[in-house]
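>>> what shape does this take:
(one chain, ligands or ions: 1)
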Amino acid sequence: MKFEFDKHRDIWGPLFTGQIQQWAEQVLHPADVLIEKGQMELAVWGNEPPGIQPRGGRSFSEKGIKLHKMRQLPPDYERVKYFDYAAAEYEMAVHIFKSFVTKHSFELISNFLKPGSRVMDCACGPGYEAIAFSMMAADSEVVAVDLSSEMIRLACHNGKDHGRTNMAFFQADAANLPAWLGKKFDVVHCQLSCSYFEDLAAVAGNMHRALYDQGYVVLTEPFPNTANSASINFAKAANPYFNRLYSREDLKSVYLDAGFSDFYWKEILPGIGLSIISKL
Ligand SMILES: C[S@@+](CC[C@H](N)C(=O)[O-])C[C@H]1O[C@@H](n2cnc3c(N)ncnc32)[C@H](O)[C@@H]1O
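Numbering: from 1, shown residues only. Model (predicted):
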């Protein structure tokens, strides 16, 4: 097999991974210790929404765990090709960074999510957060969605490997979700992915349609600050389809324009914010 050199994948990818790891060890780890001791002030914006009144339900996973692949890939599928390349090593590469992020995001989410909630994990990657939700929403189900063929295949494999039965896996574009996923979810979760969407407004509109008349979007995303802005060049070099970072004001404006009614945001670690966005 001919090896095609790709500077993004073969040079910048490993450098970006090293940079994330260093960031996790030098910034997130000490911050985590200070947060645990109550010695770090983190910003909060808006009012924390009430917990979910879950409608839940099971239908997508009724016949057992299954992978639903797209019959035809969209013309701009190229945008996720670096996730296809990286799928097998992705979780190992980002594990330390993500362990701090999910420790703090899940602390908030677990207060908020109820066992009967039906959850979509949008842009699920290898599926570990979706698997955790399927344990939290044990009376209901989790639908994991990703556009990358390799990521969604791996997510389904990981779901089976963890013995989950209340999950379904769909290859789909977050900006163009199938209509039959409409009005089916209490929560749409999306982590570390907004920066890669070409059209966040279209994704926000699709999330709005996917939710029941009452429901919440939960986003965990880095926001632009001095340190994150410096790492954008690495992120773009590793994946030229990396688009941009969003401030809390940007996210609020995009989601309110998409029809959502309220926006709550909390800095969970330096440079990482968790948004809970209400459709009421
Ligand atoms: C940085 S990874 C994050 C994965 C996972 N949420 C996590 O926290 O590890 C970004 C994911 O977004 C997916 N993605 C990018 N554009 C997408 C789109 N338009 N629709 C669905 N998934 C998309 C990629 O395939 C990739 O799995």
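>>> interface residues of this structure facing the ligand?
Within the chain, the positions lying close to the ligand (C-beta under 6 Å from any ligand atom) are 80, 83, 98, 123-125, 129, 146-148, 151, 173-175, 191-193, 196-197. C-beta coordinates here come from the backbone N, C-alpha and C atoms, glycine included.
>>> now, those that are in strands?
Using DSSP state E, the subset of these located in strands is Asp146, Gln191.
>>> for the protein, which strand is longest?
As assigned by DSSP E, the longest strand anywhere in the chain is strand 211-222.
>>> flag every buried residue along it.
Neighbour-count burial for strand 211-222, counted by 16 or more other C-beta atoms under 10 Å, picks out Leu211, Tyr212, Gly215, Tyr216, Val217, Val218, Leu219, Thr220, Glu221, Pro222.
>>> same question for stretch 180-197.
181, 184-197.
>>> where does the stretch 51-200 of the chain have low pLDDT?
Low-confidence segments of the stretch 51-200 of the chain, defined by pLDDT under 70, are absent.
>>> any idea how far Tyr264 is from the residue in it positioned nearest to the ligand?
Nearest residue of the stretch 51-200 of the chain to the ligand (C-beta to the nearest ligand atom) works out as Gly125 at 2.6 Å. Distance, Gly125 to Tyr264, using C-beta to C-beta, to the nearest Å: 24 Å.
>>> between those two, which one's more packed in?
Applying other C-beta atoms under 10 Å to Gly125 and Tyr264 shows that Gly125 carries more neighbours, namely 26 against 20.
>>> could you pull out the helices for this structure?
7, 13-23, 29-36, 81-112, 128-136, 149-161, 200-210, 226-238, 248-257 (DSSP state H).
>>> now the angle between helix 29-36 and the longest one, please.
When you say that, I think you mean helix 81-112. The directions of helix 81-112 and helix 29-36 differ by 10 degrees, with axes from the mean of the first three to the mean of the last three C-alpha atoms, to 10 degrees as the criterion.
>>> for burial, what's the neighbour tally of the closest residue to Ala86 other than its chain neighbours?
In this structure, Ala86 finds its nearest non-sequential neighbour in Gly13, 6.6 Å apart by C-beta to C-beta, 6 or more residues apart in numbering. Applying other C-beta under 10 Å, we find 21 residues neighbouring Gly13.
>>> tell me which residue is most central in the chain.
Residue closest to the average C-alpha location in the chain (C-alpha atoms, centre = their mean): Gln191, at 2.1 Å.
>>> tell me who's in contact with the residue lying closest to that residue once chain neighbours are set aside.
Of all residues not flanking Gln191 in the chain, Thr220 sits nearest, at 4.4 Å (C-beta to C-beta, 6+ apart). Each residue near Thr220 by C-beta atoms under 8 Å, 6 or more residues apart in numbering is listed here: Val101, Ser105, Cys190, Gln191, Leu192, Ile268, Ile272, Gly273, Leu274, Ser275.
>>> the last one reaches Glu221, doesn't it?
Yes. Taking contacts as C-beta atoms under 8 Å, Ser275 lies within contact range of Glu221: 7.4 Å.
>>> mutual contacts of the two, please.
With C-beta under 8 Å, 6+ apart, Ser275 and Glu221 have common neighbours Leu251.
>>> list the buried residues in stretch 75-94.
So, applying 16+ other C-beta under 10 Å, buried residues of stretch 75-94: 79-87, 90-91, 93-94.
>>> one more: stretch 264-276?
Quick answer for stretch 264-276 (16+ other C-beta under 10 Å): 264-276.
>>> same check, this time on stretch 128-146
128-134, 136-137, 140-146.
>>> and which of these is nearest to Arg248?
Glu129 (21.1 Å; C-beta to C-beta).
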